[in-house]
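Trainee: Generate coordinates for the sequence data below:
(2 chains)
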Amino acid sequence: MKNLLTLISGLLFGFGLLLSGMADPAKVQNFLDLFGTWDPSLAFVMGGAIAVTMPGFWLVIRRNKPFFNNVFHLPSRTDLDARLITGSAIFGVGWGLGGFCPGPAMTALPLAAEGTLIFVATMLTGMAASKYVLQRRDSRV
Amino acid sequence: METEFTPLLSLLGGGLIGASAVLLMATHGRIAGISGILSRMLPPASKDQSLPQGLIFIIGLLLAAPLWITINGQAPLQTVSNNLPLLALAGVLVGFGSVWGNGCTSGHGVCGISRLSSRSIFATLTFMSTGFVAVLLLRHVFES
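Mentor: All right, here's what the predicted structure looks like:
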């Protein structure tokens, strides 16, 4: 049951991305192309997602604990540090250049466009590299 | 290249993404952040031990397109650039940046904003801005 619900979560997420057109990098880039072929669809995706997530989280988190876990793993930090800004800025540049972020890239992976395969390979490498640098940095402190 | 503005489908698809995030929170108490889920599966090993569930979630994500094709009888509309060096660079930046900045479009943009997290709101504004600049340079300044 636990595994099935997790699988359904992943499927729902992927279906949402496909239905909303977000697995198409051209549509994402067009959202960012205000002075060109602008397509505001992405704002509607975020709007729809937040409209469900905000009340949903509120209801769920009022419970003592999740169904299959002892605690809710919620980020508790509220400070804006340099790492958050630098990382997000770098992420945004890649997002604009490729039109892919991690969710859509994984969803589009089975469609096996050459560009998607390359993107996912270098994305996973970049993630591991980032993790490695962070761990080394933190272990030195 | 123009794409069709799809307010209704996008709103609906967004709703499904939200439902997925709420389901994952209700069952496992986890934020549906794809960069976080993916990076926890990658080396170097970290103390976070949600690996099997993360893997199952990603399998669900990977099964979505094949299932879509089975139901609809055709592949979803998609245009991927064939500028492979550019996509390779974009991948590195997305991977490195999302882990460095603790999240991507899903973790910060959907889940974080829904929790009214100041960090996530700030992160989302940051990556939207640099994404906008990147597309501006790519399409209107250097014009590939």
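Trainee: where does chain A dip in pLDDT?
Mentor: Applying pLDDT under 70 to chain A picks out residues A:141.
Trainee: let me redo that: chain B
Mentor: Within chain B, the ranges that satisfy pLDDT under 70 run B:48-50, B:144.
Trainee: quick one: the strands in chain A?
Mentor: Counting by DSSP state E, one finds no strands in chain A.
Trainee: and the longest helix anywhere in it, what other elements does it pack with?
Mentor: With secondary structure taken from DSSP state H, chain A has its longest helix at helix A:114-140. If you count contacts as 3 or more CB pairs under 8 Å, 6 or more residues apart in numbering or on different chains; DSSP states H and E, helix A:114-140 packs onto helix A:82-98, helix A:102-108, helix B:34-41, helix B:84-100. From N, CA and C alone the C-beta is placed, and that goes for glycine too.
Trainee: Present these as a markdown table; the columns should include distance to A:Phe68 and mean neighbour count.
Mentor: Output for the helices and strands packed on helix A:114-140, formatted as a markdown table (distance: least, CB to CB, whole Å; neighbours: other CB atoms under 10 Å in any protein chain shown):
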| stretch | distance to A:Phe68 | mean neighbour count |
| --- | --- | --- |
| helix A:82-98 | 30 | 24 |
| helix A:102-108 | 22 | 29 |
| helix B:34-41 | 16 | 24 |
| helix B:84-100 | 26 | 25 |
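Trainee: For B:Leu137, which of these is the nearest?
Mentor: Distance to B:Leu137, taken as CB to CB, is lowest for helix A:82-98 among the helices and strands packed on helix A:114-140, at 8.4 Å.
Trainee: by contact count, what packs against that closest one?
Mentor: Applying 3+ CB pairs under 8 Å, 6+ apart, one finds that helix A:82-98 contacts helix A:25-32, helix A:114-140, helix B:84-100, helix B:118-136.
Trainee: switch the cut-off to 7 Å
Mentor: Helix A:82-98 sits against helix A:25-32, helix B:84-100, helix B:118-136, with contacts defined as 3 or more CB pairs under 7 Å, 6 or more residues apart in numbering or on different chains; DSSP states H and E.
Trainee: tell me the angle the shortest one makes with helix A:114-140.
Mentor: Interaxial angle of helix A:25-32 relative to helix A:114-140 (axes from the mean of the first three to the mean of the last three CA atoms, to 10 degrees): 70 degrees.
Trainee: B:Leu116: how many residues sit nearby?
Mentor: By other CB atoms under 10 Å in any protein chain shown, the residues close to B:Leu116 number 9.
Trainee: Let me fix that, I meant to ask about A:Thr125.
Mentor: 16.
Trainee: got it, and A:Trp58?
Mentor: As a burial measure, A:Trp58 scores 12 neighbours (other CB under 10 Å).
Trainee: and what of A:Asn64?
Mentor: By other CB under 10 Å, neighbour count at A:Asn64 equals 8.
Trainee: Then A:Phe44?
Mentor: Applying other CB under 10 Å, I find that A:Phe44 has 22 neighbouring residues.
Trainee: again with A:Val133
Mentor: For A:Val133, the count of nearby residues is 13 (other CB under 10 Å).
Trainee: which other residues reach stretch B:10-27?
Mentor: A:2, A:5-6, A:8-9, A:12-13, A:15-17, A:19-22, A:41, A:44-53, A:56-57, A:60, A:66-68, B:30, B:32, B:110-111 (CB atoms under 7 Å, 6 or more residues apart in numbering or on different chains).
Trainee: re the thing from before, I'd like to know which of the helices and strands packed on helix A:114-140 is closest to B:Trp68.
Mentor: Evaluated over these, closeness to B:Trp68 peaks at helix A:102-108, with 9.3 Å, by CB to CB.
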